[in-house]
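K.L.:
what's the 3D shape of this:
(one chain, ligands or ions: 1)
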Amino acid sequence: MTIRALEFYSGIGGLHLALSRSTVDGEVIGAFDWDQTACAVYSLNHGKNIVHKIDISTLSAPALAAYDATLWLLSPACQPYTVLNPNAKGAADPRAHSFLHLVQNVLPELARSNQHPHRLIIENVAGFEDSSTRQILVSTLRTIGYRIVELLLTPLQFGIPNSRLRYYLLAKTAPLCFAHVLTDSSGGEDRIWRQIPGVGLPWTDPRFEDASDTSGMVAQLRVYLDTGDEEHYLKHKISDRILQKWGRLFDIVKPSSRRTCCFTRGYTQLVERAGSILQENEDLDTTSVFDTFLQAQSLGDSTAASLLEPLRLRYFSPSELLRIFAFNTSRDESVPESMVSTNGIEVRQLTWPNTVSTKSRYKLIGNSVNVHVVQQLIEYLFREPKMN
Ligand SMILES: C[S@@+](CC[C@H](N)C(=O)[O-])C[C@H]1O[C@@H](n2cnc3c(N)ncnc32)[C@H](O)[C@@H]1O
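P.N.:
Below you'll find the model as predicted:
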């Protein structure tokens, strides 16, 4: 029987796509987000009558029970927990309110009438594991009777050249149980797992930002790039004004690189820790070109940025980011296996309504999830241990 799923904080539907590409026979029958643009993208890509533009804190238990869904997918706002926000307030942040409403009010009420979902998957930023919201979440789920597994994972572990360390909580109602991790005696109940046995690459430390250890297994960025011409470069080129002012702060990668740093909703608007930029010209040594630039700048040369021009520095395009986030697959045959659907279902590509600006596209992608990682987690969530 097809699993009926609800998607909360649905954005552009990364969790929806992960479910539809997974081996699980599931269907999202309702999705909720209050952002008009996100809902427009969602409707265009995943079906017209699924997403509801609504404040999730107004959803009631009876309204949700009416969907008769056994799987909930949730990726709540991360601003209350992000390490990039020094004033992050956790559960006390008003942006945590709607999620706490679901956890503290709605789920217990549904559980009292035995209408709560059998399985949940929750995604948030790394740092969430130390928040008071996580404590409330875990203790509420345990009280209701869920078995849970918490993880910190990055797409690098799945062969994708992007660092995006995220917290995931998987939960299922007893007697359902998890395939491996709960039987491992080395971890206590509160352990945050860094790897699921048999899922993704063999891995040592997901906080490890440089993938050199696994460099043979992480794909080169070039397979995710547009086949761009001069016009494409000029469209995404970083202006001399920005380079003059902020050039030294960028994280620069090349087509042969096997890593990028985390792309955030502020990509192209912010410089530091907002995502990497691409040096198209691999023939030049970045450090020596930058040394010449910095020297000219220190001598008061207001046109010093032109010295960086030969590097051909540019932003990643929205379509390149969609490939890195595994929303879209390249038609290039050298694309890594991990990017391709293995269950015979045609992989849909995310498209944009014409009305959505480039700035909004970056923001929506930066807010979203790595579809491949979530797909693997959904499949794991439905895997039951083999009985002897
Ligand atoms: C981290 S993003 C999730 C993105 C999504 N998983 C995707 O693939 O695009 C959080 C989303 O929650 C939405 N949101 C935050 N608070 C909300 C609330 N109270 N009610 C409805 N939507 C909310 C935001 O508009 C944003 O799209």
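K.L.:
what about the stretch 51-200 of the chain, any weak spots by pLDDT?
P.N.:
Along the stretch 51-200 of the chain, segments meeting pLDDT under 70 span 82-91, 180-189.
K.L.:
now do the SS call for residue 102.
P.N.:
Recorded secondary structure, residue 102: helix (DSSP: H, G, I helix; E, B strand; the rest coil).
K.L.:
can you tell me how far it sits from residue 5?
P.N.:
Counting by CB to CB, to the nearest Å, the gap from residue 102 to residue 5 is 15 Å. C-beta here means a position set from N, CA and C on the backbone, and glycine is covered the same way.
K.L.:
ok, now residue 284?
P.N.:
Separation of residue 284 from residue 5 (CB to CB): 49 Å.
K.L.:
do you know the pLDDT at the residue lying farthest from the centre of the chain?
P.N.:
Farthest-out residue of the chain from its mean C-alpha position, per CA atoms, centre = their mean: residue 299, at 42.5 Å. Reported pLDDT at residue 299 in the predicted model: 93.
K.L.:
equivalent analysis for residue 289, please.
P.N.:
For residue 289, the model assigns a pLDDT of 95.
K.L.:
that one reaches residue 311, doesn't it?
P.N.:
Yes: here residue 289 reaches residue 311: they are 5.7 Å apart, a contact under CB atoms under 8 Å.
K.L.:
tell me which of those two has more neighbours.
P.N.:
Regarding residue 289 and residue 311, a neighbour count based on other CB atoms under 10 Å identifies residue 311 as having more, with 25 against 18.
K.L.:
dump the residue contacts of that one.
P.N.:
Under the criterion of CB atoms under 8 Å, 6 or more residues apart in numbering, the contact list for residue 311 reads 252, 279, 280, 281, 284, 286, 289.
K.L.:
for residue 119, phi and psi?
P.N.:
phi -140, psi 150 (degrees, to the nearest 10).
K.L.:
residue 329 is in contact with residue 349, correct?
P.N.:
Yes: at 7.3 Å, residue 349 counts as touching residue 329 under the criterion of CB under 8 Å.
K.L.:
out of those two, which sits in the busier spot?
P.N.:
Here residue 349 and residue 329 are set side by side on neighbour count (other CB under 10 Å), and the busier one is residue 329, at 19 against 13.
K.L.:
need the helices for the chain, in chain order.
P.N.:
With DSSP state H as the criterion, the chain has helices at 14-21, 36-46, 61-65, 97-100, 107-112, 132-144, 230-236, 240-246, 286-298, 318-324, 358-367, 371-381.
K.L.:
among those helices, show me which one is buried the most.
P.N.:
Looking across these with neighbours counted as mean count of other CB atoms under 10 Å, the highest average goes to helix 14-21: a mean of 26.
K.L.:
in the protein, which residue sits nearest the ligand?
P.N.:
Going by CB to the nearest ligand atom, the ligand is nearest to residue 11 of the chain, at 2.2 Å.
K.L.:
that residue and residue 367, how far apart?
P.N.:
Distance from residue 11 to residue 367, counting by CB to CB: 6 Å.
K.L.:
who touches both of these two?
P.N.:
Taking CB under 8 Å, 6+ apart as the contact criterion, the common neighbours of residue 11 and residue 367 are residue 38.
K.L.:
what parts of the stretch 251-388 of the chain come near the ligand?
P.N.:
367, 368, 369 (CB under 6 Å from any ligand atom).
K.L.:
give the contact list for the closest residue to the last one other than its chain neighbours.
P.N.:
Using CB to CB, 6 or more residues apart in numbering and skipping residues adjacent in sequence, the residue nearest residue 369 is residue 14, 3.9 Å away. Contact analysis of residue 14 by CB under 8 Å, 6+ apart lists 75, 325, 327, 368, 369, 370, 371, 374.
K.L.:
on that earlier part again, can I get the contacts of residue 311 in a markdown table with distance to residue 145?
P.N.:
Putting the contacts of residue 311 into a markdown table (distance: CB to CB, whole Å) gives the following:
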| residue | distance to residue 145 |
| --- | --- |
| 252 | 50 |
| 279 | 53 |
| 280 | 54 |
| 281 | 58 |
| 284 | 60 |
| 286 | 54 |
| 289 | 60 |
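K.L.:
quick one: residue 262 and residue 273 touch, right?
P.N.:
Yes: distance between residue 262 and residue 273: 7.5 Å, which falls inside the contact criterion (CB under 8 Å).
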